[in-house]
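**Q** pasting the structure only:
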Ligand SMILES: Cc1cc2nc3c(=O)[nH]c(=O)nc-3n(C[C@H](O)[C@H](O)[C@H](O)COP(=O)(O)OP(=O)(O)OC[C@H]3O[C@@H](n4cnc5c(N)ncnc54)[C@H](O)[C@@H]3O)c2cc1C
Ligand code: SF4
């Protein structure tokens, strides 16, 4: 059946205005309205898995709340909006009647769909945030299970309720067994669950990194970029074809090398061997199952177990665990601040020129440019500084949420509140991810050209990470002395002969960071 609704060419109009982007209301009697959030863009999953073009009308809502009112990174908005508009076009080509509407809120957009298609029951897959879940439930929207993950929320709860502490590695092993991934006769393939000890190498010298795939732009991309007042870059795909090309490119060029350098940071290459798949996994263009299958196929074709296992762990382990914990820990979890961190967001986060710290300015510049950095810059550069400087976790969460291409509530909240800032007091991670300059000196190649010296903790050229690491332990010694996993660090603190000087330098560093001068 041919769709009778056409997407109007009005993409150049201002966002935020309530506006239907489609013409011609079809003369059809639908039975349901299907609401497709911007992160459920998949024909085979969610509410579309059972959709029928003859009976179901579809609405996508570009809400003003999603696009304005916060300092969203333009690259992120471009990716989300252009992907959704492309997806609306795909639905239309499959015979669906699609209403793509700009409205003040999601509910206003759904109301518009009811005006257009009639007072029909509205269906949606369970949304991916607590707030949207609550709002849609209150509005009487019917939910079908969210199958964008390999682990249902119920199944995760069953696992979590049996745990004394929520150790990701235990969850990951259970996933391997349950899903039969990289298992042989009940044992892990290769005889080990985890190859981290062989990976975690520093950046290599004289190494040729494969170029990264660039994505061509079409009319929809250009219209969205124009609407946002930006140049369309070629970093991120906005279609399923582009996302599949990225997956294939990763498997062909990066899968084998993923493991060894997954924790390294180098000036030579912004993405190393990382997959760059998180945006597509998170907005639905790719499903976790097909990404894992592609990695397993690469293993069959000779990719090393150390890389394949490390990558599979990210998808069936970390990603599923973080999503499960988001739902398990509840809506209030995001407000936790057990370390009582009250510092305002540092100026260097919003302007990479506001610091002399080479590692930080380089990572923030990467975020400014592409709305992405890999896991270790997020954790050990951006978050480590927020943690040890005592930046308020909710302010830091807001900034990360606005800046990253792949940021959604379910993934940012546990990663920031639990893993990155220890604001949950250890519910997710048994100890805080705090480190001094020595770790960054080993895992990055930034220290050589830096004004600061990673080995020094006092003096004008002391590395701020090193100074703040000790000061952080000192400030929280009462909390950490009860934590047996912090024994080694606290013993180190007790042995510091120059703690008074470290405290003085830390006060200078914190004041300088507040002013954007460090
Ligand atoms: C402070 C902090 C904030 C983060 N915020 C986000 C976020 O908003 N969105 C997001 O998708 N990831 C987030 N991550 C996880 C991770 O950094 C990104 O998934 C990864 O860098 C994306 O790049 P990639 O696709 O090349 O990942 P790869 O390194 O190639 O890993 C493959 C996939 O594993 C998954 N993954 C790995 N680690 C995690 C994790 N901790 N949580 C969830 N998924 C994971 C992602 O889907 C990723 O695409 C965050 C990590 C930290 C420490
Ligand atoms: S010396 Fe410190 S601030 Fe400078 S690059 Fe190294 S870790 Fe970063």
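**A** Received, thanks. Please read all numbers here as calculations on a predicted model, not as lab measurements. Numbers count the residues shown, from 1 in each chain. Ligands and ions are numbered 1, 2, ... in the order given.

**Q** what about residue 154, neighbour count?
**A** Using other Cβ atoms under 10 Å, residue 154 has 9 other residues around it. No exception for glycine: its C-beta is placed from N, CA and C like everyone else's.

**Q** can you pull out the strands in the stretch 101-250 of the chain?
**A** Remark: strands assigned in the stretch 101-250 of the chain by DSSP state E, counting those that start in this stretch are 122-125, 142-144, 183-184, 187-188.

**Q** okay, these in JSON lines with mean neighbour count next?
**A** What follows is the strands of the stretch 101-250 of the chain, written out as JSON lines (neighbours: other Cβ atoms under 10 Å):
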{"stretch": "strand 122-125", "mean neighbour count": "22"}
{"stretch": "strand 142-144", "mean neighbour count": "14"}
{"stretch": "strand 183-184", "mean neighbour count": "12"}
{"stretch": "strand 187-188", "mean neighbour count": "14"}
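
**Q** now those strands in CSV, with distance to residue 91 and mean pLDDT?
**A** Below are the strands of the stretch 101-250 of the chain laid out as CSV (distance: least, Cβ to Cβ, whole Å; pLDDT from 0 to 100):
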stretch, distance to residue 91, mean pLDDT
strand 122-125, 15, 98
strand 142-144, 17, 97
strand 183-184, 38, 95
strand 187-188, 41, 96
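
**Q** can you list the ones you listed in JSON lines and add distance to residue 481?
**A** Shown next, in JSON lines, are the strands of the stretch 101-250 of the chain (distance: least, Cβ to Cβ, whole Å):
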{"stretch": "strand 122-125", "distance to residue 481": "46"}
{"stretch": "strand 142-144", "distance to residue 481": "46"}
{"stretch": "strand 183-184", "distance to residue 481": "41"}
{"stretch": "strand 187-188", "distance to residue 481": "37"}
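
**Q** so which of those strands gets nearest ligand 2?
**A** Ligand 2 sits nearest to strand 187-188 of all the strands of the stretch 101-250 of the chain, at 35.4 Å, using Cβ to the nearest ligand atom.

**Q** what lines up beside that closest one in the sheet?
**A** strand 183-184 (antiparallel) (DSSP bridges).

**Q** where exactly do the strands run in the protein?
**A** 6-7, 19-20, 22-23, 32-35, 56-63, 97-103, 122-125, 142-144, 183-184, 187-188 (DSSP state E).

**Q** export those strands to TSV and tack on distance to residue 385?
**A** Below are the strands of the chain laid out as TSV (distance: least, Cβ to Cβ, whole Å):
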stretch	distance to residue 385
strand 6-7	44
strand 19-20	42
strand 22-23	46
strand 32-35	40
strand 56-63	33
strand 97-103	38
strand 122-125	37
strand 142-144	40
strand 183-184	40
strand 187-188	36
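
**Q** how about those in CSV, adding distance to ligand 1?
**A** Shown next, in CSV, are the strands of the chain (distance: least, Cβ to the nearest ligand atom, whole Å):
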stretch, distance to ligand 1
strand 6-7, 29
strand 19-20, 29
strand 22-23, 31
strand 32-35, 23
strand 56-63, 20
strand 97-103, 25
strand 122-125, 18
strand 142-144, 23
strand 183-184, 20
strand 187-188, 19
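
**Q** and the ones you listed: which comes nearest residue 414?
**A** strand 122-125 (20.7 Å; Cβ to Cβ).

**Q** what packs against the closest one?
**A** strand 32-35, helix 106-117, strand 142-144 (3 or more Cβ pairs under 8 Å, 6 or more residues apart in numbering; DSSP states H and E).

**Q** out of these, which is the most enclosed?
**A** Most buried of the helices and strands packed on strand 122-125, by mean neighbour count (mean count of other Cβ atoms under 10 Å): strand 32-35, with a mean of 24.

**Q** mean confidence score for it?
**A** Average pLDDT, strand 32-35: 98.

**Q** which residues are contacting that strand?
**A** 47-48, 51, 55-61, 106, 110, 113-114, 117, 120-124, 136, 141 (Cβ atoms under 8 Å, 6 or more residues apart in numbering).
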